[in-house]
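> just coords:
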């Protein structure tokens, strides 16, 4: 175990040197990128019959089907992609797959970084968000007088003030931690990424995302599922629906479920699992998130997986000497370094194991 | 009002390509793709102060700022990109930038096709749609009892039935034209692309998209704006806000405005303009769209531009011997052929002109 941490830290040190060099050259292109294939598709989706206002002021209402619960996925496969397990990245609350693309300060995001490290990358917009769309009937029915406002789904749009504390940019709004790794000068660009979230409020929407994530793993004939924040524990939830296509789970910054039964833990323990947390977990109070409590729950979860025979690891960045990371760590100034840690974990815990069982 | 409804209707197309069909066709890779740079960013966006329910059952409401009216843009620049004018593609009603990506039946979409023809491609999600997000306050206020349901923004979600006729897949739902070019076996995949549309209903949202499109042209130091259906005439509207960055306008299948004044026409006549329409314009009746009327209005508009000294062209595909194209012509089976027509037009009318004035 000590050796493993030492090697992780060594990797981190190398990466840190690379990052500081890169920061100065961030505006320069990293060079040509050759990919084997790219595109987009949907996973899942069901028909739902709706009645909606007619087109035009005097037109009668019309009935028909719409498609709901589909999950939009955008992908790129690098030239050596077949040598690696695909990585599915799923964003958090009030965000979209933009999370993984160009960072607020214009550096390369994790999606392209992983791609340039020869990983096939699949970005999924959660069901009920962004290009996946959402079921509008809960709103349309209220407007048409068929339902009442109190039954209308809630829409969560995190304010700048909420984001500042929940994402741990500093102890309070407008004040940054001295060692903050988030590119604070580009905060306005992060705020633009924040869009209305209906997912946790539209009935079975999160369940639909879990289901489509599991189905995507199967479709890809094996994938690593990565979730962040709101979706941080979605990989585990997906595995409990169908673990067949899930080769690894990566859960970044969220509360963990700690009351799974033995059968559920046995299922999850078969999947190599990485949990990652940044810094300042106990240094922000008064916001809606309780990061110290989330961290504690995930330490418990990791212990439970280990006791069930699983290969589970808690990567708490400050404990590894990496300080100042925010909740949006994939966009932090040291994002390349953190990506390298994740990739190194994949190599050792998912791909080495896959090679060994061949 | 009629125009607004018509343009909404003009929209409805979306894609339902069967994943199974997609899987088999996507096996035929067009070969490696080398790009110079890719990424995403936002154009525009303003702060808005909102009050929303607190987090947790007994938490008091909180006030703060959110960002609204920003436009999400995803781009790829090919190796020879600097030799060509960038192309900005904007989707139609009830759709997202998915419109331009992998077709419902799994073929290459226009975005990658243009890219492989050395064009820098910028895909914009309209303001109030997909990854651009939307202003949720009109809904949140009704739920909180601060406003009434009749004042709530309408959400348009085109049903399969509406899409079938508006997108001209056949004379009536379930019946295809014998020469239909849309990949009908993949209809379900188009339906999955169809997501709730708040754009035409959220007050100034379409205006915001026009504004951001104009700003994007300036940011790119010159671009061709391409719109489809709901956004078909957005390039012209953007040009009337600020023509400085607009090198060409491509308008696909929408009603045209025909009552511009001389000053407006003079502005638009300075920009090479292509208008494109598919087949069966008069062969679908009873739906919310009137394609024959839209076509007539655009013929008038093209004539007005010409009379004002402009370089304007109506490309009516059946008149060129290309039969059976639907409203979703960028996804039709002959989509490559149509892309070639557009690219050839760009070469002759935008780039040759640009070269001549160098």
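Perfect, thanks for sending it. If you're wondering where the values come from, they're calculated on a predicted model, not measured in any experiment.
> ok, for residue A:191, nearest residue in space, not its chain neighbours?
Among residues not flanking residue A:191 along the chain, residue B:67 sits closest, at 4.4 Å (C-beta to C-beta, 6 or more residues apart in numbering or on different chains). Placement of C-beta: from N, CA and C, glycine included.
> would you map the helices across the stretch 251-358 of chain A?
Using DSSP state H, counting those that start in this stretch, the helices of the stretch 251-358 of chain A run over residues A:262-269, A:291-307, A:335-346, A:352-356.
> buried set for the longest one?
The reference is to helix A:291-307. A:291, A:294-295, A:297-299, A:301-302, A:304-305 (16 or more other C-beta atoms under 10 Å in any protein chain shown).
> how many residues are close by the residue nearest to residue A:64 when sequence neighbours are not counted?
Excluding the flanking residues, the one nearest residue A:64 by C-beta to C-beta, 6+ apart is residue B:159, at 2.9 Å. Burial of residue B:159, expressed as a neighbour count using other C-beta atoms under 10 Å in any protein chain shown, amounts to 24.
> from residue A:42, how far off is residue B:159?
Distance, residue B:159 to residue A:42, using C-beta to C-beta, to the nearest Å: 18 Å.
> what do you get for residue A:81?
From residue A:81 over to residue A:42 the distance is 21 Å, taken as C-beta to C-beta.
> so how far is stretch A:287-300 from its chain's centroid?
In this view, stretch A:287-300 has its centroid 17 Å away from the chain centroid, taken as C-alpha atoms, centre = their mean, to the nearest Å.
> longest strand in chain A, please.
In chain A, assigned by DSSP state E, the strand with the most residues is strand A:33-43.
> give the buried residues for that strand.
Across strand A:33-43, burial judged by 16+ other C-beta under 10 Å covers A:33, A:35-43.
> run through chain A and note the low-pLDDT ranges.
Scanning chain A for pLDDT under 70 picks out A:1-28, A:55-57, A:200-205, A:354, A:357-358.
> isn't residue A:61 right up against residue A:53?
Yes - here residue A:61 lies in contact with residue A:53, judged by C-beta atoms under 8 Å, at a distance of 5.8 Å.
> residues that sit against both of these two, list them.
Shared contacts of residue A:61 and residue A:53, defined by C-beta atoms under 8 Å, 6 or more residues apart in numbering or on different chains, comprise residue A:144.
> who's more crowded, these two?
Set residue A:61 next to residue A:53 and count neighbours by other C-beta under 10 Å: residue A:53 wins out with 15 against 11.
> quick one: that one and residue A:136 touch, right?
No - Residue A:53 is beyond contact range of residue A:136, at 11.8 Å (criterion: C-beta under 8 Å).
> what parts of the stretch 151-300 of chain A come near chain B?
A:152, A:154-162, A:188-189, A:191-196, A:219, A:288 (C-beta under 8 Å from any C-beta of the partner chain).
> try 7 Å
Contacts of the stretch 151-300 of chain A with chain B, taken as C-beta under 7 Å from any C-beta of the partner chain, map to A:152, A:154-155, A:157, A:159-162, A:189, A:191-192, A:194-196, A:288.
> and the furthest pair within those residues?
The largest separation in these, counting by C-beta to C-beta, is between A:152 and A:189 at 31.2 Å.
> residue A:110 and residue A:330 touch, don't they?
Yes - with contact defined as C-beta atoms under 7 Å, residue A:110 reaches residue A:330; the gap is 4.8 Å.
> now the common contact residues for the two.
residue A:100 (C-beta atoms under 7 Å, 6 or more residues apart in numbering or on different chains).
> which of those two has more neighbours?
Neighbours per residue, other C-beta under 10 Å: of residue A:110 and residue A:330, the larger number sits with residue A:110, 27 against 24.
> quick one: contacts for the more buried one?
Going by C-beta under 7 Å, 6+ apart, residue A:110 touches A:89, A:100, A:330, A:335, A:339.
> ok, residue A:311 next?
By C-beta under 7 Å, 6+ apart, the contact set of residue A:311 is A:272, A:349.
> list residues touching both of residue A:53 and residue A:136?
Residues touching both residue A:53 and residue A:136 (C-beta under 7 Å, 6+ apart): none.
> before we move on, the earlier item: so of the residues of the stretch 151-300 of chain A next to chain B, which ones are in helices?
A:160-162, A:189, A:191-192 (DSSP state H).
> output these as a markdown table; include the columns distance to residue B:144.
As requested, those are exported to a markdown table (distance: C-beta to C-beta, whole Å):
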| residue | distance to residue B:144 |
| --- | --- |
| A:160 | 20 |
| A:161 | 18 |
| A:162 | 17 |
| A:189 | 29 |
| A:191 | 23 |
| A:192 | 25 |
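> make CSV from those residues and add neighbour count to it.
What follows is these, written out as CSV (neighbours: other C-beta atoms under 10 Å in any protein chain shown):
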residue, neighbour count
A:160, 18
A:161, 17
A:162, 22
A:189, 21
A:191, 21
A:192, 23
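> ok, of the residues you listed, which one's closest to residue A:233?
Set against residue A:233, the nearest of these by C-beta to C-beta is residue A:162 (20.6 Å).
> ok, that closest one - contacts?
A:287-288, B:64.
> just the buried residues of these.
The buried subset of the contacts of residue A:162 (16+ other C-beta under 10 Å) comprises A:287, B:64.
> I'd like the next helix or strand past the helix or strand residue A:187 falls within.
Assigned by DSSP states H and E, residue A:187 belongs to helix A:187-193. Next along the chain after helix A:187-193, taking DSSP H and E as the criterion, comes helix A:205-219.
> so which bits of that next one are buried?
So helix A:205-219, judged by 16+ other C-beta under 10 Å, has buried residues A:205-206, A:208-217, A:219.
> residue A:355 and chain B, how far apart?
Distance from residue A:355 to chain B, counting by C-beta to the nearest C-beta, to the nearest Å: 26 Å.
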